[in-house]
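Undergrad: Quick one, what's the 3D model for this:
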Amino acid sequence: MNGEVADYRRHPTEPGVDLLSARFVTHRYARHAHATYTIGLIESGVEEFDHAGSLLRAAQGQVALLNPEVVHTGQAGVPEGWRYRVIYPAVDVVRDVAAGLGAPAGTPFFPCTVVDDPAAARLLRTVHASAARGDALASSSALLTALGAIVGRHAARPYGHAPDQAASRSVRAARDLLHARLADPPSLEELASAVGTGTFALLRAFRAAYGLPPHAYLTNLRVQRAREMLDSGLRPAEVAARAGFTDQAHLNRHFKRIVGVPPGAYLLGRV
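TA: Residues are numbered from 1 along each chain as shown. This next block holds a predicted model:
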């Protein structure tokens, strides 16, 4: 046994926020992106991750601040692995906090991915502790206090543009086609033909725009859709078919590589 454990659950008072507490040693996150922000406190060990083309390391006591839709990985940076607590706030939650602080309209952006901020570390621990106790007032207050402090100290101007706006028309069309044909995707050749470009040109342009090649983007999208279906009450076996996975084992494997826990454990934290 390597002592790995992970608990993934919804925040008790804010439906737009998820919480993860985990210790990983051998687990490796696949390249993926979240629709939410990722704000994680390293409690012990070191997490190493590829992030927007750079290899970063977050050590004990440091806080990682990942913006939405930025492709990254995650793995142990030392033999003993790492233990961390994470909050995943939806974009509109962080945007509302920023507006309450008087920030200009738009989506807040964290320019520094790994920061040393002991006060933020304490606040993140409080978010998890209050959520575990189930006190609605305390957990709401702790969450907003933590987000307000982190946004106020570390967020910069809003995004200048979303990744989709930077993509060419053909790449956006390819992305839309993948969204439309989640369970029955075209081949790369069919995708390129449908948007009027060559396969190699599309492969390069798609990765430059979205951080992942089309097949990996599709897997990430399927896992995101699977989460939405699980949240709506569907069971994993049904979700696997609807999201385009071969079977439930296929769903389980990719879900854990991206979310950190398998679908069954994910569901336990939604009740």
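Undergrad: Adjacent strands (with direction) for the strand or helix carrying Ile87?
TA: Element membership of Ile87 [criterion: DSSP states H and E] is strand 82-89. Here strand 82-89 has these sheet partners by DSSP bridges: strand 17-24 (antiparallel), strand 38-51 (antiparallel).
Undergrad: which is the next helix or strand following it?
TA: helix 91-100.
Undergrad: sorry, back to before: next, the angle from the strand holding Ile87 to helix 91-100.
TA: 80 degrees (axes from the mean of the first three to the mean of the last three CA atoms, to 10 degrees).
Undergrad: Figure out how far strand 82-89 is from the centre of its chain.
TA: 11 Å (CA atoms, centre = their mean, to the nearest Å).
Undergrad: send the alpha carbons of that strand over as CSV?
TA: Taking Å, rounded to 0.1, in the frame of the first residue of the first chain, the C-alpha atoms of strand 82-89 are listed here in CSV:
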residue,chain,number,x,y,z
TRP,A,82,2.4,15.1,-1.7
ARG,A,83,-0.6,15.9,0.4
TYR,A,84,-2.8,18.9,-0.4
ARG,A,85,-6.2,20.6,0.0
VAL,A,86,-7.8,22.2,-3.0
ILE,A,87,-10.9,24.3,-3.7
TYR,A,88,-12.3,24.5,-7.2
PRO,A,89,-14.4,27.7,-7.4
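Undergrad: would you turn the strands paired with strand 82-89 into a markdown table with mean neighbour count, distance to Arg172 and mean pLDDT?
TA: Just so you know, the C-beta spots here come from the backbone N, C-alpha and C atoms, and that holds for glycine as well. Putting these into a markdown table (neighbours: other CB atoms under 10 Å; distance: least, CB to CB, whole Å; pLDDT from 0 to 100) gives the following:
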| stretch | mean neighbour count | distance to Arg172 | mean pLDDT |
| --- | --- | --- | --- |
| strand 17-24 | 21 | 28 | 97 |
| strand 38-51 | 20 | 24 | 97 |
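Undergrad: Which of these sits closest to Leu203?
TA: strand 38-51 (19.0 Å; CB to CB).
Undergrad: for the helix or strand following the closest one, packing partners?
TA: Later in the chain than strand 38-51, the nearest helix or strand by DSSP H and E is strand 54-59. The contact analysis (3 or more CB pairs under 8 Å, 6 or more residues apart in numbering; DSSP states H and E) places strand 54-59 against strand 38-51, strand 114-116.
Undergrad: List of residues touching the first one?
TA: Read it as strand 38-51. Strand 38-51 is contacted from outside by 20, 29, 31, 55-66, 70-78, 80-89, 113, 120-121, 124-125, 150, using CB atoms under 8 Å, 6 or more residues apart in numbering.
Undergrad: Thr73: what secondary structure?
TA: strand (DSSP: H, G, I helix; E, B strand; the rest coil).
Undergrad: how many other residues sit next to it?
TA: Number of residues near Thr73 (other CB atoms under 10 Å) recorded here: 16.
Undergrad: pretty sure it is touching Ala52, no?
TA: No - the criterion here is CB atoms under 8 Å, and Thr73 misses it with Ala52 at 11.2 Å.
Undergrad: that older thread, hmm, which of the contacts of strand 38-51 are the buried ones?
TA: 20, 29, 31, 56, 58-59, 62-66, 70-77, 81-89, 113, 120-121, 124, 150 (16 or more other CB atoms under 10 Å).
Undergrad: and the residue positioned nearest the centre of the chain, what does it touch?
TA: Centrality entry for the chain: nearest residue to the mean C-alpha point is His34, 2.8 Å, by CA atoms, centre = their mean. By CB under 8 Å, 6+ apart, His34 lies in contact with 66, 68-69, 88.
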